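Peer 1: could you look at this predicted model? Sequence included:
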There are 4 protein chains.
Amino acid sequence: MRAVCYLGDRSVAVENVPDPVLPGPDGVIVAISATAICGSDLHIYHGGLGAPGTRLGHECIGTVVEAGPAVSGVRVGDRVLVSAVIGCGHCDPCRRGDPVLCAQGATAAFGTTLELPGAQAEFIAVPAADLFVRRIPDGVRDDDAVLLTDVLATGYLGASMADITPGATVAIFGLGPVGLMALACAQLFGPAQIFAVDLVPERLARAAAMGASPIDATGGDAVAQIVDATKGRGVDAAIEAVGHDQTVLDAVGVLASGGTASVIGVNLSSGLPYPMGLAFLKRLTLRAAFASVPMTWPALFPLLQSGALTLPEIFTHRLSLDDAARGYDLFDRRLDGCGKVLFSL
Amino acid sequence: MRAVCYLGDRSVAVENVPDPVLPGPDGVIVAISATAICGSDLHIYHGGLGAPGTRLGHECIGTVVEAGPAVSGVRVGDRVLVSAVIGCGHCDPCRRGDPVLCAQGATAAFGTTLELPGAQAEFIAVPAADLFVRRIPDGVRDDDAVLLTDVLATGYLGASMADITPGATVAIFGLGPVGLMALACAQLFGPAQIFAVDLVPERLARAAAMGASPIDATGGDAVAQIVDATKGRGVDAAIEAVGHDQTVLDAVGVLASGGTASVIGVNLSSGLPYPMGLAFLKRLTLRAAFASVPMTWPALFPLLQSGALTLPEIFTHRLSLDDAARGYDLFDRRLDGCGKVLFSL
Amino acid sequence: MRAVCYLGDRSVAVENVPDPVLPGPDGVIVAISATAICGSDLHIYHGGLGAPGTRLGHECIGTVVEAGPAVSGVRVGDRVLVSAVIGCGHCDPCRRGDPVLCAQGATAAFGTTLELPGAQAEFIAVPAADLFVRRIPDGVRDDDAVLLTDVLATGYLGASMADITPGATVAIFGLGPVGLMALACAQLFGPAQIFAVDLVPERLARAAAMGASPIDATGGDAVAQIVDATKGRGVDAAIEAVGHDQTVLDAVGVLASGGTASVIGVNLSSGLPYPMGLAFLKRLTLRAAFASVPMTWPALFPLLQSGALTLPEIFTHRLSLDDAARGYDLFDRRLDGCGKVLFSL
Amino acid sequence: MRAVCYLGDRSVAVENVPDPVLPGPDGVIVAISATAICGSDLHIYHGGLGAPGTRLGHECIGTVVEAGPAVSGVRVGDRVLVSAVIGCGHCDPCRRGDPVLCAQGATAAFGTTLELPGAQAEFIAVPAADLFVRRIPDGVRDDDAVLLTDVLATGYLGASMADITPGATVAIFGLGPVGLMALACAQLFGPAQIFAVDLVPERLARAAAMGASPIDATGGDAVAQIVDATKGRGVDAAIEAVGHDQTVLDAVGVLASGGTASVIGVNLSSGLPYPMGLAFLKRLTLRAAFASVPMTWPALFPLLQSGALTLPEIFTHRLSLDDAARGYDLFDRRLDGCGKVLFSL
């Protein structure tokens, strides 16, 4: 089959690789119909993180073409979505949809190592399918189903970790796909006002159209602008969806006493200079996480089905999988207004 | 001053009564500019509950005209709203805005006894004003400020007691003023769908316009309709805003396993026939309460100020206080489409 | 194999029945080494609830002797405990250990119907073994492992549903095996004082030895005694572990404003006369449930392993399974101080 | 009156200062009968933080000798305890006992600035006495009442911020007075095991006597020892009660996935090197705070009154206030086994 392979610094190609085989009696093979590039794929694309030969991608939907005998939740022919993140598939946390807490320490994302080939391919093998694969619920659009495999789940997690209560004031740093998802999800918790921070005018305009108060960070004074707008108080909750140390520090710095910063931008810093004194005096909470995707589905499925949650259009570019190299380049350099790329198969 | 007095069965009149005096150094006198009739006033109006001579009303806004020396939160001249419910004003629960849990057992609503004269009058005396009186926040409309004194607080409490989480399915029984407030507030908790139950077409239409799924209970099969619409599952949360035993039983009966019924309709039954077996097998929760009004303000003030919470038009009739008798009759018999009466002074 | 069968009103016998067969690829057969009689078995024993021929019992431990190919959590030869309550074994609630919320409505307890043969037998067939069967953790005594299959889980659930916070005052109605477990578990939530109510002096003495304040209900004034002891305030949380309407009403009646009653005594009443007016005025919460046993294990296993939770001696009579008829009679009539019967095999 | 004054680097003296005057109508004057030295007093004693002339101390009990006309909660002659931390006394957070979130930003501790004279004196003036002063509850020992003014409240806060649930594993770093209080309070949340880390054999022995598993950190391998003891898993909750960056990092480093670190050791670092990547991959939470003392009293008062919470003996040295200089020296240098000093008046 064809699969997108990482070749080395800023280079990918569609290569022929062996078809996957069923990963045990509880696994399935999914024929992929749509798969996206995620900002975290760029961490590998930029070099340093993944080995050349890594088969990329972790956001896909498709059709089950083979299912092991122990699989009960999906069948051959089902249209399904696949969690970007999986675990051992047998422990209590995995069973409750929370593979990030896998008791075996087997938390892993597709497409990040040689051992777990990615979702930018014709087929994908998924173990423990009853936990990590679900039928696309009736009434959920395919585009939204792709978002459910990672970025929407991540945005929801970011909002739910931020301790937002009705009437709260919220700030979101970063309005890429994950940040916009976090914005949509933060609105599920009844905030009075959401400040949406970014450098890019189009992103700010989209956030404003979703009801947020846009804050242009170009001048480097986003925190000051929000502090002013809240009459010096700051916000109750801040969500960081960028992945830089500085935006984490901004998220913490803009908090009112008692506030919570929720970090969902990929951040692998080993020594972020945390303002402990400020946190101590103001009783701040800092949470960080990547998404235990399946844990978010019981909330998100019915919200999308009923239309109570409507997502903005996220995919700016729809390409054939064969155009993967071009897709990565567009996305990486944000050429042609590229916000997120969807490959169809 | 003039005040609305209960004379006996279904009879009220505006009478001249002595002006109120300052209720201690922590109290204020408020000159009332607007005051409403609440459904619970009808419990007295219908006879049996309150003594003739009771000065009615517990929903008002106005201007502080006198303030005791120990009052720090409001000043003479401030435009204020007054909590319908008060407590001793000195215990921990009162101080945190929760007079229903008053440690002295001094929980009371204005206008329900001879000892605590009501809000349908030219002036009202309020003790412990720092706890029970607040400046009307900038940007909050006068009509909404009146709702903040009781029915909006009650609706918010009903929603917040119902354990609604994002993606939940909700049913609201009763779409009078309190039920519509509960509907608006339930939407702050991210439900996927809200079923709104009533007998009156206009009320159902209003709920539908607010985004709910209307359920016409005329045929007596509201529970069955909701069970059908949820494919047999029932709802995660039900809010009862009527005040009848049957609607409480409907709210419990429509719950899915693990669900919560939240009762905010005034219900003084001493022996409601509760389906304990069903509750035991399905792990149900039943909560009931009248509103600790000030406890809800920290959430509701910023939501109204920012416009994140918009309330439907509730007042159908605006009368002079001198027309109180007519107002009660219109409201009691729902004449002329009467939904709620506001008196101006 | 031999199994305890219900023959009709107050009559059981050990009969020869066919050996169970593996209930599908995800099931196991357990050779039972110890099995207990539960108070809820008496509901069938007393007639009316179960059909003659029902094979009784739902509390057992033993050794896996056969395991389906899809079972990963336990192996042949493992010493295991079996949840008294199971569900479909495939839905989200079942997977997270909560079969009472089974999305298929397949919640069932062993030994209560003809379709799900009971645990008072030589062998038991358990479906979805990865969810409902667990290895007995190292360091957990066999007696305690039996309690983990039902009564300890039920007591823990009762305590965890009661909203006990540090410093709270608690009342427990009924000090049979479940009530004593609830008492032990309530102490995990940091209460200031626990009132323990029963009629039987020995039970009251045991509760006192566990640190509770005993309340002798013989005079019918348990609620009044507790109200007096709390200077009129009542308790924050009440746990009902009897199964009578009156004790539920006592549990509700003894609550302070804002309190919660948690009902774990089996109660199948269709119309318990609930004091709705009291609940409304005092903001009370009523919860009821039978136990989603596996949900409690992640908390209870380490507590028993570390010794942080020590359980009182519950089994007063240890008999051979062949003495089942005598065991039921002893337990039913509380002869010879019988508190709970354990059969060994 | 006499008061302990900070003179400059490692020097204090008892000096004659003017008697305090009533700080407004809502304030009181308390004649102090016992007052302690806290570890945080040493921050000033060591120089750099407070101005010479600062009147030290923030932990005291005594008798009300004067009360403003607006004070309702205490009277002249009452034996009282005084919160170490106060706020504006008028905002919602202050009223609910949470001055750290004071809406006016007026959070302050006695004895840390020239403006708010301290508690190591004959008298202390306390504003907003209804919020910050309480009668010593019946049955609470004077020593424990002193602990309630700061270190016990801090320990309780540390435990309650750590998300400890029944069955959890906990680590406490630092077994000085605050750490021992945190240990006693952590036990209110039902943990399976508590690891108690320190360098000092006597402190480890005391923690062991309280039921904890002692971890001698002398070798610098405390984290490794705990990871070993938990079979590589780490702990669910860690409480840091030292005030050093390294122990904060240890508290974070010892967490299992999903864990929470709660920092109550005074830490004013502006750039603690936080392991953001680890926190992101393991979904960690970091909370820090100094204590909103009055917020903890509703839980702690009844626990001490009933004896459900028993505190270890904390005060190793009891001196006259006139011996303040010697007390500071003993405490600072831990001479003569000094753990905490109590001055009597």
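Peer 2: Alright, I've got the coordinates. The model shown is predicted, which means the values in this text are computed figures rather than measured ones.

Peer 1: phi, psi for A:Asp236 please.
Peer 2: The phi/psi pair for A:Asp236 (degrees, to the nearest 10) reads phi -80, psi -30.

Peer 1: any idea how many residues pack against the closest residue to it other than its chain neighbours?
Peer 2: Leaving aside its sequence neighbours, A:Asp236 sits nearest to A:Ala168 (C-beta to C-beta, 6 or more residues apart in numbering or on different chains; 4.0 Å). C-betas here are computed from N, CA, C, even on glycine. By other C-beta atoms under 10 Å in any protein chain shown, 25 other residues sit near A:Ala168.

Peer 1: who's in contact with A:Ala168?
Peer 2: The contact partners of A:Ala168, taken as C-beta atoms under 8 Å, 6 or more residues apart in numbering or on different chains, are A:Phe189, A:Gly190, A:Pro191, A:Ala192, A:Val235, A:Asp236, A:Ala237, B:Pro302.

Peer 1: how about a cut-off of 6 Å?
Peer 2: If you count contacts by C-beta atoms under 6 Å, 6 or more residues apart in numbering or on different chains, A:Ala168 has them with A:Pro191, A:Asp236, A:Ala237.

Peer 1: now flag whichever of those is closest to C:Gly105.
Peer 2: A:Pro191 (36.6 Å; C-beta to C-beta).

Peer 1: now do the SS call for the closest residue to chain C within the stretch 201-345 of chain A.
Peer 2: In the stretch 201-345 of chain A, the residue that lies nearest chain C is A:Pro298 (6.0 Å; C-beta to the nearest C-beta). Using DSSP: H, G, I helix; E, B strand; the rest coil, the structure places A:Pro298 in helix.

Peer 1: ok, how many other residues are close to it?
Peer 2: A:Pro298 has 16 nearby residues by other C-beta under 10 Å.

Peer 1: how about the residues of chain A near chain C?
Peer 2: Taking C-beta under 6 Å from any C-beta of the partner chain as the contact definition, chain A meets chain C at A:Ala70, A:Ser72, A:His90, A:Arg95, A:Arg96.

Peer 1: ok, back up a step: may I ask which of the contacts of A:Ala168 has the most neighbours?
Peer 2: Going by other C-beta under 10 Å, A:Ala237 tops the contacts of A:Ala168 with 29 neighbours.

Peer 1: center of chain A, which residue is that?
Peer 2: In chain A, the C-alpha nearest the mean C-alpha coordinate belongs to A:Val151, at 2.6 Å (C-alpha atoms, centre = their mean).

Peer 1: from memory that one sits against A:Gly176, does it?
Peer 2: No. Using C-beta atoms under 6 Å, A:Val151 makes no contact with A:Gly176, being 8.8 Å away.

Peer 1: so what's the residue nearest to A:Asp236 scoring on pLDDT?
Peer 2: Predicted confidence (pLDDT) for A:Ala168: 98.

Peer 1: kindly report the same for the one 4 residues further on.
Peer 2: We note a pLDDT of 98 for A:Ile172 in this prediction.

Peer 1: can you name the residues bridging to it?
Peer 2: A:Ile172 has these beta-bridge partners by DSSP bridges: A:Ala196, A:Ile239.
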